[in-house]
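Asks: Next one to model:
(chains A and B)
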Amino acid sequence: MLRRTVTCGQIRESHVGQSVTLNGWVNSYRDHGNLIFIDLRDRYGLTQLVFDKEDAGVAQAGIMDVADKLRSEDVIAVQGLVRVRIGGENPKLETGKVEVVVGKLEVLNKTANPPFQPDDNTALANEELRLTHRYIDLRRPSMQKVLTARHKVYKATRGYFDEHGFTEVETPILYKSTPEGAREFIVPCRNVPGTFYALPQSPQLFKQILMVAGVDRYMQICRCFRDEDPRADRQPEFTQIDLEMSFVRREHIIEMMEGFVRRLWKDMCGYEVPAVRVMGYREAMEDYGIDRPDTRYGLKIKDISGFAARTEFKVFKDALEKGKDRPAFNSKRGVVKMIRVPGGAEKLTRKITDGYSDLVKGFGAGGVAVVKVIKGEDGQPRLDTGIAKFLEPLKAEFMSELESLGGGQVGDTLLFVADAYAIATKSIGELRSKVARDMGLVPKPGAEGGPWNFLWVVDFPMFEKNKETGKWVAMHHPFTSPRDDQMDAFLRADVEDDDTIEAIVSAGYDIVLNGQEIAGGSVRIHDGALQSKVFRLLGLTPESAKEKFSFLLEALSFGAPPHAGIAFGLDRLVMNFVGTDNIRDVIAFPKTQIGADLMTKAPSAVPEKNQSEVHIKSTWVPAEKK
RNA sequence: GGGGGCGUAGCUCAAUUGGUUAGAGUACCGGACUGUCGAUCCGGUGGUUGCGGGUUCGAGUCCCGUCGCCCUCGCCA
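Replies: From the prediction side, this is the model:
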């Protein structure tokens, strides 16, 4: 086999006169009979090859006949002379000033007619086909760029944490089932009939144990598994950059991770990340209606419950009756919230705002009330349409409410949602994001030069109520510590004491980028008694806590250091760097929405013999046999 | 589990209210051509309209079911 001396992206004018050998795939051919052009492709680029009948005398015998049969995706090796292009430069190619006149051609492998062309310039084949023939799709230059970008993220990550004294430790994939949280993939055990491993949702407990083991600074680029339905940005198996540090508090993690983020963005796109703002969960929920606010645009939310109570609008008054004896910010206490949309009066048509009501109904709210600010006969702003008649009597007061949102200007649309705190907040938060898209306020992600907007969100609640079971669940995970100043309330709280439990603040933290959570973590509990208390509030009996987590409670009793950690979603980081909103684009061999691999046809049936070997029997009956 | 979208030639798409033999570009096959770079020109092969059923004189088109893919709600400690 002729082995390459240069790559297809490498040849320049400095190579002119040299004999070179190239290996690659035929990207395209232009056959003029006695003159044939081939664009040869490898992952580094394209080089134009020329087969010329007049030169064929000095080339291998019959070369034109072989070259004539070359087709896209054939694999070949060529040897030839680099020269300046006779037909003029092709400015589209890096190698566009030169060409290789081929003297020797070796066809390494003819291709079958490919189901689609791995070409970024023509219409992309549908994703199903691309996933089935992933090896062809990955040949596309843009997919090669993704693989390379992902590799660079691994490299920068390991580089940074190595420099800061972290040790990469592998943790088990075959793991103990701990069925809190996400549904697990389970693996039957052959040696102990009737038992199962689970695949880890994350290495959470192992990394904490490593802290007890004195590893002090741990990191791992690790695969995590969650058997939940995928989304555009979620896969059943995904990759985390997992970290844990001993003898630190929140501020130390924040400092170390900002350093990492700064390093990563610098290496990946030369961007200097400025100091990252820290925002409290309460502020995020109040101003943005979500715990991961997109701060690339304004449209802040305002609570106007006090004002709304003085109007005669029944919807407001009814909402404010809800949970009126509960403390402020309690999930069940009624509130009225408002967004001011500058310029919305023109763009947000009746049809669109009707759609907003449908949107919030999906989150349990009754609808969206709308008011437009128009120019009155006296030239002053006047409230119009919708519920304007309820606000007009209190207009002066209402206009002063608007002051903190920039004042009511002619052309504004004002949107209102009234309901219990949890529902109203979530609804208007989702509404804000929808309005921003409708108003064209969301910049394209970093790839197009839009801003990278980083944010720490801290001071999350420890617990939230599961709507179905009515039980308390950990908002982050059950190993998250209460914030230091919350210890009294935490120790005092009883399972029945809903309002107290809801108000406890944890020592958790998230990094949010452009409205997307890219990392989350917490200071951990390193005291067995505190950990047992969390289990108790979560409704675990001491017996079941011991059965599931005895190894953790035991480890905490043997000199566990204070520790804290965080994990980044690596796939989402790469998505940002390559500018895609499809997670499958950044995973070499991704799965579909039912967790299938279209290329290998996984999952698949296994013979009953293999099932009985691991002591299982499928209960599934095909439909036609029912 | 719920809601929505899509499925027509190898690929990307078209096909009027349900109406003749389902078209185009590209790929592929054959031919011509010495400066192309989305080569060009001439000719050709290629279809169970995802699958099954129904309505109708007649279904790519309407209805029911089913499969696959995508988006989304639930779910994702």
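
Asks: Mind telling me what element the residue in chain A that RNA strand B sits nearest to is part of?
Replies: Nearest residue of chain A to RNA strand B: A:Gly181, at 2.0 Å (Cβ to the nearest atom of the strand). C-betas here are computed from N, CA, C, even on glycine. In the assignment (DSSP states H and E), A:Gly181 maps to no helix and no strand.

Asks: Now it: closest residue in space, sequence neighbours ignored.
Replies: Setting aside the residues directly before and after it, A:Gly181 is nearest to A:Gln201 in space (Cβ to Cβ, 6 or more residues apart in numbering), at 6.1 Å.

Asks: Compute the number of surrounding residues for the one you found.
Replies: Per other Cβ atoms under 10 Å, the neighbour tally for A:Gln201 reads 21.

Asks: Next, the contact list for it, please.
Replies: By Cβ atoms under 8 Å, 6 or more residues apart in numbering, the contact list for A:Gln201 reads A:181-182, A:184, A:224-226.

Asks: So the residue of chain A closest to RNA strand B is in contact with A:Phe479, correct?
Replies: No - with contact defined as Cβ atoms under 8 Å, A:Gly181 does not count as touching A:Phe479 (11.3 Å).

Asks: Which one of these two is surrounded by more residues?
Replies: Between A:Gly181 and A:Phe479, counted using other Cβ under 10 Å, the more crowded position is A:Phe479 (20 against 15).

Asks: What residues sit buried inside the one helix or strand in chain A whose mean pLDDT sits lowest?
Replies: The weakest-scoring helix or strand in chain A, judged by mean pLDDT, DSSP states H and E, is helix A:350-361 (a mean of 86). Neighbour-count burial for helix A:350-361 flags A:353, A:356-357, A:359-360 (criterion: 16 or more other Cβ atoms under 10 Å).

Asks: who's in contact with that helix?
Replies: Defining contact as Cβ under 8 Å, 6+ apart, one finds that helix A:350-361 is touched by A:366-368, A:370, A:413, A:415, A:417, A:427-428, A:430-431, A:434-435, A:438.

Asks: from those residues, which would you call buried?
Replies: A:366-368, A:370, A:413, A:415, A:417, A:427-428, A:430-431, A:435, A:438.

Asks: Output the set of residues of the stretch 401-550 of chain A in proximity to RNA strand B.
Replies: Residues of the stretch 401-550 of chain A lying close to RNA strand B by Cβ under 7 Å from any atom of the strand are A:466-468, A:473-478.

Asks: Determine the longest helix present in chain A.
Replies: Scanning chain A for the helix with the most residues, using DSSP state H, yields helix A:141-163.

Asks: Tell me which helix or strand comes right after that one.
Replies: strand A:167-168.

Asks: Can you tell me the strand partners of whichever helix or strand comes after that next one and which way each runs?
Replies: Next in sequence after strand A:167-168, counting helices and strands by DSSP H and E, comes strand A:186-188. In the sheet, strand A:186-188 lines up against strand A:196-198 (antiparallel) (DSSP bridges).

Asks: Doesn't A:Ala319 lie inside a strand?
Replies: No - applying DSSP: H, G, I helix; E, B strand; the rest coil, one finds A:Ala319 to be helix, outside a strand.

Asks: can you tell me the helix or strand for the nearest residue to it once chain neighbours are set aside?
Replies: Spatial nearest neighbour of A:Ala319, excluding adjacent residues (Cβ to Cβ, 6+ apart): A:Ala418 at 3.6 Å. Element membership for A:Ala418 (DSSP H and E) is strand A:413-420.

Asks: how distant is that strand from the center of its chain?
Replies: Distance, stretch centre to chain centre, for strand A:413-420: 29 Å (Cα atoms, centre = their mean, to the nearest Å).

Asks: which helices and strands does it pack with?
Replies: Under the contact definition 3 or more Cβ pairs under 8 Å, 6 or more residues apart in numbering; DSSP states H and E, strand A:413-420 sits against helix A:314-321, strand A:334-341, helix A:344-347, helix A:350-361, strand A:369-375, helix A:421-438.

Asks: Would you single out the least confident of the ones you listed?
Replies: Lowest mean pLDDT within the helices and strands packed on strand A:413-420: helix A:350-361, at a mean of 86.

Asks: check whether that helix contacts RNA strand B.
Replies: No - using Cβ under 7 Å from any atom of the strand, helix A:350-361 never reaches RNA strand B; the gap is at least 9.7 Å.
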